Structures are given as structure tokens and as C-alpha cells.
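Asks: I would like to see how this sequence folds:
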Amino acid sequence: MQTMSRNLAFVLALPLLGLAAYAAEDVVTAVEGTVKKVDAGTKTMVVQTEDGTEHTIHFVKRTSVHGTEATAKGSKDVFHGLDEGSHVVVHVTKNGTEETADEVDKVGKDGLKVTEGTISHIDRGAKTLTIKSADGTEETYHLAVHATKDAGKDIAEGTEKSTKVTVYYTEEAGHKVAHFFKKIA
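Replies: Model prediction:
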């Protein structure tokens, strides 16, 4: 009887272990850097981060690109106007060593705007982030889905209110929407 109970427990645990292993493989994160190379043939681009690390990122049908003239004009080009030298924030799904772009946001004119300040309040449940700028004014940003999930992971819980950050945002329907934020080193 005891052996049968152990076998039953093992059989019931197998699907959970498989699901946990599958979920652990797909990690969503953000990569910020400069586009070093675009290869339309392989549908990849190389993004170099500030520390010199190069990420080869794959484009797929679901990849969305924001902040370029081509996206504003409805381009069907796989890279939607991204070119070498573009400053970007790429939300990637990482499976093993392969990184696939879910969303690419170009930083600059037509793209994400950038501001710096100190976090005065963050509420991931309500999806809001309030920043105090150097002149003392406070601005509240709505957090985009990716920002809610993966941005600011390097900020320890309980220290949020004293953390200086860079916020990458857009203005949509009269609201500022933070797509990505990171701790200032």
C-alpha cells in the first residue's frame, strides 16, 4: 500500500515538474544598448550594452517595434526602421542562450523619452511609479506590462524610495507610460 501511495505521488508530481521546467526556461528581461548590426537574412540584430556585452536577438512575427519613422508610417519591414547606431530597449524572451525580441523600443526622437529622478513610490499591483526630479517635482507614470514584470529587478525591496533611476517612457492619451526603468549606478 505504501509503495502504491509513493508511485501515485510520483505520477502526480511529474506533470508539475515538467511545467516548472518549461516555465523556468522562458525568462523575460530587458536589454538596453546600441544596435551594432542588423541582418535581415537571419532576422537578427546585435545589441551592445553599456558594459560591452553583445546580444544576438531574433525577430519573429510577434515582435513589435516602437518609436521609428517607419513604424509611424505602418512599415511592414521586419526591423521597422531600426538601423545600426539606434539606441534601443529590447524586451526579450530568453530560452537557454537564444534571445527573441517581444518588443523593441527606440530611444530618442519619435521613440522613448528619458528622465531621471528618485523613486518616491512604486506600486506594481496598481502599475504605477512616482519619481521625484532634481527640482523636487513629482511625476507619476503608469507601468507598461513589461515594466511591471521585469524592470527595476535590481532594486531591493524596502529601498525603493531612495533609489535613483532612469525612466524610459512614452506619452499616451495624456498619461506618461514607463516602458522600462533602471537603477542609476
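Asks: ok, and the helix or strand in the protein with the lowest average confidence?
Replies: Lowest by mean pLDDT, DSSP states H and E among the helices and strands of the chain is helix 2-25, with a mean of 46.
Asks: And the next helix or strand past it?
Replies: Taking DSSP states H and E as the definition, the helix or strand that follows helix 2-25 towards the C-terminus is strand 26-39.
Asks: So in that sheet, which strands flank that next one, and in what orientation?
Replies: Strand 26-39 has the following strand partners under DSSP bridges: strand 44-48 (antiparallel), strand 87-95 (antiparallel).
Asks: outside of the longest one, which residues touch it?
Replies: With Cβ atoms under 8 Å, 6 or more residues apart in numbering as the contact definition, strand 87-95 has outside contacts at 25-35, 47, 55, 57, 82, 99-108, 112, 146, 150, 168, 179-180. Heads up, the C-betas are built off the backbone N, CA and C, glycines and all.
Asks: Mind checking which of the residues you listed are buried?
Replies: 30-33, 35, 47, 55, 57, 82, 99-107, 112, 146, 168, 179-180 (16 or more other Cβ atoms under 10 Å).
Asks: Tell me where this protein is predicted with low confidence.
Replies: For the chain, residues meeting the criterion pLDDT under 70 lie at 1-28, 69-80, 148-161.
Asks: Domain map for it?
Replies: Listed by automatic domain parsing, the domain ranges of the chain are 27-106, 113-183.
Asks: Which of the three states applies to Ala147?
Replies: Put simply, Ala147 is helix when judged by DSSP: H, G, I helix; E, B strand; the rest coil.
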